[in-house]
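Engineer: here are the coordinates; sequence isn't available:
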């Protein structure tokens, strides 16, 4: 699976949009981009995934660049409960096994 | 619909003892995944099971670790003769099938003293 690079930490003001970048420059054509988050000491929570097109669900939006070498997770109106570590994961095909969680981005929402 | 239930939440074992971690998947889910998170590290895949079958155990240490998911009852991750390096948070996830969203439990924190 392709390696991902994320900033170690970010702050965002409550109520603003949080934009979390992920670089996956070695991604190949059959690799999906997944985003999970882990709120302190809890189990990871699935957020969203995509292959080529931008995706949106009730939690977030995923913007994937045309060359697919990077993506951005957008939390449109961040709340204090969004404070967590966010993981960007790239994997071949769809599936829940062998997800490779790196160190992620620690997002802190500031009141 | 209850979420993925893991027990115990905290487990303390002395070196050389056995640790048994249980995972009850969500209702209707027949796919179970175990992940381990060492202190200050990301989660690492261990094993993927479907009822009564091990599908992928490529992340399991070769010795002392085993997993099962019987026809009835929870999935069990068993660690024999625990060592200090086994201290970690062990997370279980379940899914309705391989590709749809998997839901993680709250984890079992194993401490080996």
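Structural biologist: All right, it came through fine. Everything numeric in this text was worked out from a predicted model, so none of it was measured.
Engineer: does the residue in chain A positioned nearest to chain B lie in a helix or a strand, and which?
Structural biologist: In chain A, the residue that lies nearest chain B is residue A:43 (3.1 Å; Cβ to the nearest Cβ). Bear in mind the C-beta positions are built from the backbone N, C-alpha and C, glycine included. For residue A:43, there is no enclosing helix or strand under DSSP states H and E.
Engineer: ok, it touching residue B:109?
Structural biologist: No - applying Cβ atoms under 8 Å, one finds residue A:43 not in contact with residue B:109, separated by 11.7 Å.
Engineer: and the two? Which one has more around it.
Structural biologist: Ranked by neighbour count (other Cβ atoms under 10 Å in any protein chain shown), residue A:43 and residue B:109 place residue A:43 first, with 22 against 17.
Engineer: neighbours of the nearest residue to the more buried one once chain neighbours are set aside, how many?
Structural biologist: Counting by Cβ to Cβ, 6 or more residues apart in numbering or on different chains, the nearest residue to residue A:43 once its immediate chain neighbours are dropped is residue B:104, at 3.1 Å. Number of residues near residue B:104 (other Cβ under 10 Å) recorded here: 23.
Engineer: so what sits opposite residue B:104 in the bridge?
Structural biologist: On the basis of DSSP bridges, residue B:104 is bridged to residue B:93.
Engineer: show me what contacts it?
Structural biologist: For residue B:104, the contact set (Cβ atoms under 8 Å, 6 or more residues apart in numbering or on different chains) comprises A:43-45, B:4, B:35, B:91-93.
Engineer: got it, and residue B:96?
Structural biologist: In this structure, residue B:96 makes contact with B:28-31, judged by Cβ under 8 Å, 6+ apart.
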